[in-house]
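> Okay, sequence plus prediction incoming.
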Amino acid sequence: MSNIYFNESVILLNVEAKSKEEVLEKMGQNLVDLDLVKESFIPAIIKREEEYATGLPTSGVAVAIPHTDVEHVHRKTVSIGVLDRAVEFGVMGDDEETIPVQIVFLLAMDEAHSQLSLLQQLMAVFQNEEVLLSILEEKNKSSIRGLLEEKLDFDALEGEK
């Protein structure tokens, strides 16, 4: 069994926020409350997002994949935030452009190698407009969990110690 913490408690639906910072604070605080990350995770994730934007102009639904350094993480997890309305995130690799993001995949990895592997797996999800629309429209956290567990190989990540 994988030690990646992924269940309904890290899936947030109808996240209300007016800015990317507010999204990251709410999602980060949930991970702090679950003792998955350190208190330092929230300011670190916001600072990193300012320096390295993570918005992706994916087909159908724009996503963001904020992440930060491993020293802020107690236990690796992926938190999903489905926003009640789109919030502007900077576009990855473009300092000038923003994109209205509706789904945030907040990564908290405890080793750099697993973060890279997870990002590679997530890219396959991001290229599937049908999957992204399903996540956006789904109102049941268990259904989102099942869909992502089917698409992401958490056990493969676990084998990379």
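On my side now, so go ahead.

> Buried residues in stretch 61-78, which are they?
61-68, 72-74, 76-78 (16 or more other CB atoms under 10 Å). Where C-beta positions appear, they are placed from N, C-alpha and C, glycine not excepted.

> shaky segments in this structure?
Applying pLDDT under 70 to the chain picks out residues 1-2, 155-161.

> The same query, at a cut-off of 80, please.
Low-confidence segments of the chain (pLDDT under 80): 1-3, 95, 112-116, 153-161.

> for the residue most central in space within it, which residues make a bridge with it?
What sits nearest the mean C-alpha location of the chain, by CA atoms, centre = their mean, is Phe105, with 1.5 Å. Phe105 forms beta bridges with Ile80, as assigned by DSSP bridges.

> In this structure it contacts Val78, no?
Yes - with contact taken as CB atoms under 8 Å, Phe105 and Val78 are classed as touching, separated by 6.2 Å.

> re earlier: ok, so of the buried residues of stretch 61-78, who is nearest Tyr5?
Checking the buried residues of stretch 61-78 against Tyr5 by CB to CB gives Thr77 as the nearest, at 4.1 Å.

> What is the burial count for the closest residue to that closest one other than its chain neighbours?
Distance criterion CB to CB, 6 or more residues apart in numbering; nearest residue to Thr77, sequence neighbours excluded, is Tyr5 at 4.1 Å. Counted with other CB atoms under 10 Å, the neighbours of Tyr5 add up to 19.
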